[in-house]
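Asker: let's see this in three dimensions:
(chains A and B)
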Amino acid sequence: TQLLEQSPQFLSIQEGENLTVYCNSSSVFSSLQWYRQEPGEGPVLLVTVVTGGEVKKLKRLTFQFGDARKDSSLHITAAQPGDTGLYLCAGARQGPTDSWGKLQFGAGTQVVVTP
Amino acid sequence: NAGVTQTPKFQVLKTGQSMTLQCAQDMNHEYMSWYRQDPGMGLRLIHYSVGAGITDQGEVPNGYNVSRSTTEDFPLRLLSAAPSQTSVYFCASSYPRWPRNTGELFFGEGSRLTVL
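Answerer: Numbers count the residues shown, from 1 in each chain, chains lettered A, B, ... in the order given. Okay, here's the model as predicted:
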């Protein structure tokens, strides 16, 4: 059972279009991270959100953490072929008695941007 | 700037064989972990370590052993390979998360294992 559900699983769009990827859970997370993974490589961190309602922008990428800290979204404006990759969300549940907060990953959304 | 280094990158095994996937990091990270990645399943945690001499099980530990004798190295051992262990394996390291930071994971490039 996937603790974090990502949707859609696959997204194919044309260059210049916008897209949104969702990451949902019934559990509350202390922080949530988004990674991007390219073929043959390990995931690379894009952003970490820690406060409910938080919005972070990374150039054309906008990340939002839900008010209840159970969900998150990634929006890409005017997508480019370089945005192609597998986008993974990962949540951490941690507190003073759990200093190592193991990350739970979603299954990922494969994004393909064609010229 | 090596970061996290995994070897080998590719390996083919026969059922029942044993092997070790190597992982080394040069960032002095206390936390190291092994994940496996399968289509549609995302990354699943196999084992992790919070420092030399300390290891613990993750979500899918069966069939795998780990040890942590140094801060830098965290090998993953497959004792008797099975076709169900065909996967891409990632080693990742990090600083401790609480309360210092939110714990970015630094991943290696992965080791693709096929068990026939």
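Asker: can you list the residues of chain B near chain A?
Answerer: B:4, B:31, B:33, B:35, B:40-45, B:48, B:50, B:58, B:90, B:92, B:96-99, B:102-105, B:107-110 (Cβ under 8 Å from any Cβ of the partner chain). Every C-beta, even on glycine, is put in place using the N, C-alpha and C of the backbone.
Asker: show only the entries of the residues you listed found in helices.
Answerer: Secondary structure defined by DSSP state H assigns none of the residues of chain B next to chain A to helices.
Asker: quick check: closest non-adjacent residue to the closest residue to chain A within chain B.
Answerer: Minimum separation of chain B from chain A (Cβ to the nearest Cβ) falls at B:Phe107, amounting to 2.9 Å. Excluding the flanking residues, the one nearest B:Phe107 by Cβ to Cβ, 6 or more residues apart in numbering or on different chains is A:Gly42, at 2.9 Å.
Asker: with A:Asp71 instead?
Answerer: A:Asn24 (4.6 Å).
Asker: next, count neighbours for that neighbour.
Answerer: When neighbours are defined as other Cβ atoms under 10 Å in any protein chain shown, A:Asn24 has 15 of them.
Asker: where does the chain dip in pLDDT?
Answerer: Here I'm looking at chain A. A:1-2, A:94-101 (pLDDT under 70).
Asker: chain B, not that one
Answerer: In chain B (pLDDT under 70), the answer is B:1, B:96-102.
Asker: most centrally placed residue in it?
Answerer: In chain B, the residue lying closest to the centroid (Cα atoms, centre = their mean) is B:Trp34, at 2.4 Å.
Asker: I figured the residue nearest to B:Phe107 hits B:Ser111, correct?
Answerer: No: counting by Cβ atoms under 8 Å, A:Gly42 stays clear of B:Ser111, with 10.4 Å between them.
Asker: so who does the residue nearest to the centre of chain B touch?
Answerer: B:21, B:23, B:45-48, B:58, B:64, B:66, B:74, B:76, B:89-92 (Cβ atoms under 8 Å, 6 or more residues apart in numbering or on different chains).
Asker: list the neighbouring strands of the lengthiest strand in chain B plus their orientation.
Answerer: Once chain B is assigned using DSSP state E, the strand that runs over the most residues is strand B:42-51. On the basis of DSSP bridges, the sheet neighbours of strand B:42-51 come out as strand B:31-38 (antiparallel), strand B:54-57 (antiparallel).
Asker: please report the distance of A:Thr62 from A:Val47.
Answerer: 10 Å (Cβ to Cβ, to the nearest Å).
Asker: name the residue in the two with the higher neighbour count.
Answerer: Using other Cβ under 10 Å as the criterion, A:Thr62 and A:Val47 rank with A:Val47 on top: 19 against 16.
Asker: now do the shared contacts for A:Gly42 and B:Ser111.
Answerer: With Cβ under 8 Å, 6+ apart as the test, A:Gly42 and B:Ser111 both reach B:Phe90.
Asker: quick revisit: please identify the buried residues of the longest strand of chain B?
Answerer: Neighbour-count burial for strand B:42-51 flags B:42-50 (criterion: 16 or more other Cβ atoms under 10 Å in any protein chain shown).
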